[in-house]
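**Q** fold the following.
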Amino acid sequence: MRRDIAASMEEVRLERLDHEVWWGGAVADGAGMPFGTAPVYRDLGAGLGGGQASPLMISNFGRWIVSTTGAPFALSVDATQVMCRGEGSFLVETAPSDLGSGLKALNRATGECVPTPPPAPKMFTDPQYNTWIALNAATSQTGVVGYAESLIEQRFPPGVLIIDDGWQEDFGRWDFHPRRFPDPVAMLSRLKALGFAVMLWVVPYVSPDSAAYRDLNRQGLLFQDANGDPLIGYWWNGRSAVFDLTRPEALGWWRETLAGLEERYGVAGFKFDGGDPEFFGGACADAVQRSLLWARLGEEFPFNEFRVAWNNRWRPIVARLRDKAHSWGQDGLAALIPEGIAAGILGFPYVCPDMVGGGEIGSFLNRAGALDEELLVRFVECSALFPALQFSFMPSAKQAATVLTAFREMASLHHTLGPVLYAAMERAAEAGEPVLRPMAYAGDLVPAETMGSQFLLGEDLLVAPQIRPGAHDKRVWFPPGRWLDDGGRVFHGPDFAWRPSPPGHLNWFTRG
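**A** Residues are numbered from 1 along each chain as shown. As a prediction, the model looks like this:
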């Protein structure tokens with residue numbers, strides 16, 4: 001039974017059912033999802049936490065609440081009720097069903113899930129490699145080519161190579177830096193010959209007191225503050241002006257600029273970073289609209305990536321989880337599965353975990369010799385059968401050979417199963433369902449311990465990585481049906497089974 005609630009400022013409250021848990025709001029809060037084991041309050045108007053988000057909540061019993069205006073809202077869950085409060089109106093489904101049925105009903109009610117093909121297949125069938133951790137301040141033509149050549153020498157499959165921050169002349173002047181990249185045409189030719197599709201990092205910011213800033217300001221393409229002056233906002237690289245993406249002329253400037261890079265150099269696409277509403281003038285309705293428009297621009301390019309996107313549900317964008325620390329905890333490895341599940345449920349099915357080992361640069365600076373080798377192995381195992389797999393850091397002579405072996409084997413596994421993964425994404429796009437799914441997708445009542453430690457990929461793959469340090473076996477929950485491991489051994493669910501999980505071994509199963 002669905003009911004509408006409409007008002008200028010509205011609050012929705014539902015009594016929780018027995019054993020009912022909820023997902024909703026910001027993907028960055030995924031480590032705490034599903035909500036229901038402890039009280040939680042989250043105001044999306046205060047920020048998205050550095051990741052994707054959607055103004056909806058849905059339970060394992062298929063009940064849901066969704067904003068009809070797309071404005072940020074506050075949510076809370078406690079022992080007895082779930083609440084959403086925000087501007088505009090809500091659609092609410094109160095009748096219980098199951099998670100899959102509830103998601104389909106929500107999509108029909110909002111009309112937001114229009115079947116669209118996933119982004120470029122190569123983004124998923126092949127590994128991705130990013131220069132961010134590998135090169136950072138040393139980003140240069142020599143460094144990028146050397147990084148790519150070392151991957152091939154170490155027998156990694158070629159795939160997508162993302163050249164991150166540092167390739168550009170300046171923010172707002174998107175061309176290769178002439179000193180660090182003296183011959184980008186030759187560089188792109190070499191990378192393509194090695195088998196890589198190349199993407200470039202971009203952000204919607206402009207360095208102040210620069211020629212680009214003055215030119216763009218004269219054209220009226222920069223976001224203005226209350227005084228009518230270009231807003232100079234703070235983001236992680238300092239203070240910059242911000243493109244006013246609500247102006248068609250600004251989006252046209254970006255289309256022309258990106259198309260020029262494709263034409264001149266043959267790049268395949270772009271990593272669209274910096275879409276945080278907090279940097280677009282504050283996490284208000286106008287700011288999240290600019291974040292949405294940044295993602296809508298990016299989806300025009302089949303090769304794309306977004307760490308932040310607001311309410312771009314079921315759009316053809318690759319959603320990378322926010323930067324993770326080199327950690328076993330909920331700021332690192334332990335967050336990958338619950339955040340990946342949250343991304344799919346909230347409408348971002350084409351999810352990429354953060355870079356293997358973590359993409360938070362502070363975890364790597366000045367400590368390459370002190371990295372946790374077991375964590376590196378478990379990180380790549382957990383990431384291997386996400387829809388997308390992205391590397392940056394690569395083991396050196398300082399790390400044990402077992403780390404390099406695990407990286408290479410998991411990259412090969414992902415590449416081998418790539419067509420299976422992409423077929424699952426195509427089916428999910430058609431049905432409007434997540435690719436990476438919680439165990440609740442296989443039944444309403446599943447053991448709580450499975451929530452953040454294993455997942456379904458589509459209908460036919462069960463993945464149970466080891467995420468605990470020092471552990472060499474794992475208690476795996478098998479949903480109803482018959483399941484086969486990679487050696488052909490058969491398991492029947494619903495039931496638990498202990499499985500060996502030494503470092504270097506990933507437990508995954510196919511329905512059979």
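**Q** buried stuff in the top helix by length along the chain?
**A** With residue count as the measure and DSSP state H as the assignment, the chain has helix 248-265 as its longest helix. Buried residues in helix 248-265, counted by 16 or more other Cβ atoms under 10 Å: Ala250, Leu251, Trp254, Leu258, Leu261, Tyr265. Where you see a C-beta, it was placed from the backbone N, CA and C, and this is true even at glycine.
**Q** what's the distance between the second one and Asp276?
**A** As judged by Cβ to Cβ, to the nearest Å, Leu251 and Asp276 stand 18 Å apart.
**Q** do the same with the first one
**A** With distances defined as Cβ to Cβ, the gap from Ala250 to Asp276 amounts to 18 Å.
**Q** with the fifth one instead?
**A** According to Cβ to Cβ, Leu261 stands 23 Å off from Asp276.
**Q** center of the chain - which residue?
**A** With distances taken as Cα atoms, centre = their mean, the residue of the chain nearest its centroid is Arg320 (2.3 Å).
**Q** that residue: what's it in contact with?
**A** Glu305, Phe306, Arg307, Val351, Cys352, Pro353, Asp354, Ala388, Gln390 (Cβ atoms under 8 Å, 6 or more residues apart in numbering).
**Q** can you tell me the closest non-neighbouring residue to the last one?
**A** So the one you mean is Gln390. With Cβ to Cβ, 6 or more residues apart in numbering as the criterion, Gln390 has its nearest non-adjacent residue at 4.1 Å, and that residue is Gln128.
**Q** do the third one as well
**A** With Cβ to Cβ, 6+ apart as the measure, Arg320 is the residue that lies nearest to Arg307, at 5.1 Å, once sequence neighbours are left out.
**Q** how close does the one you found sit to Glu305?
**A** From Arg320 to Glu305 the distance is 5 Å (Cβ to Cβ).
**Q** find residues that contact each of those two.
**A** With Cβ under 8 Å, 6+ apart, Arg320 and Glu305 have common neighbours Cys352.
**Q** low-confidence stretches in the stretch 51-200 of the chain?
**A** In the predicted model, the stretch 51-200 of the chain carries pLDDT under 70 at residues 113-115.
**Q** tell me where it has strands.
**A** Shown for the stretch 51-200 of the chain, the strands assigned by DSSP state E, counting those that start in this stretch span residues 53-59, 64-67, 73-77, 81-93, 128-130, 160-163, 168-170, 173-176, 197-202.
**Q** packing partners for the first one?
**A** In terms of contacts (3 or more Cβ pairs under 8 Å, 6 or more residues apart in numbering; DSSP states H and E), strand 53-59 is packed against strand 22-26, strand 64-67, strand 81-93, helix 99-110.
**Q** ok, and what's touching it?
**A** Contacts of strand 53-59 (Cβ under 8 Å, 6+ apart): 17, 20-28, 34, 44, 64-67, 70-73, 75, 82, 84, 86, 99, 102-103, 106, 309-311, 313, 345-348.
**Q** again, only using 7 Å
**A** 20-27, 44, 64-67, 70-73, 75, 82, 84, 102-103, 106, 310-311, 313, 345-347 (Cβ atoms under 7 Å, 6 or more residues apart in numbering).
**Q** send the alpha carbons of that strand over as CSV?
**A** The C-alpha trace of strand 53-59 is given here as CSV (Å, rounded to 0.1, in the frame of the first residue of the first chain):
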residue,chain,number,x,y,z
ALA,A,53,24.1,9.5,-2.2
SER,A,54,20.4,9.3,-3.0
PRO,A,55,17.4,10.7,-1.1
LEU,A,56,15.8,7.4,-0.3
MET,A,57,15.6,4.7,2.3
ILE,A,58,14.6,1.0,1.8
SER,A,59,14.4,-2.0,4.1
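**Q** flag every buried residue along that strand.
**A** Applying 16+ other Cβ under 10 Å to strand 53-59 flags Ala53, Ser54, Pro55, Leu56, Met57, Ile58, Ser59 as buried.
**Q** between these, which sits nearest Ala411?
**A** Ala53 (30.3 Å; Cβ to Cβ).
**Q** how about that closest one: what's its closest non-neighbour residue?
**A** Ala53 sits nearest to Ala26 (Cβ to Cβ, 6+ apart), 4.2 Å away.
**Q** let me see the contact set for the nearest residue to Ala400 once chain neighbours are set aside.
**A** Of all residues not flanking Ala400 in the chain, Glu373 sits nearest, at 5.3 Å (Cβ to Cβ, 6+ apart). Glu373 sits next to Gln399, Ala400, Val403 when contact means Cβ under 7 Å, 6+ apart.
**Q** how about Glu373, phi and psi?
**A** Per-residue torsions, Glu373: phi -70, psi -40 (degrees, to the nearest 10).
**Q** and what of Leu222?
**A** Residue torsions, per degrees, to the nearest 10, at Leu222 are phi -100, psi 150.
**Q** what residues are up against Glu278?
**A** So Glu278 contacts Gly47 (Cβ under 7 Å, 6+ apart).
**Q** that one falls within a strand, correct?
**A** No. The assignment for Glu278 is helix, going by DSSP: H, G, I helix; E, B strand; the rest coil, so no strand is present there.
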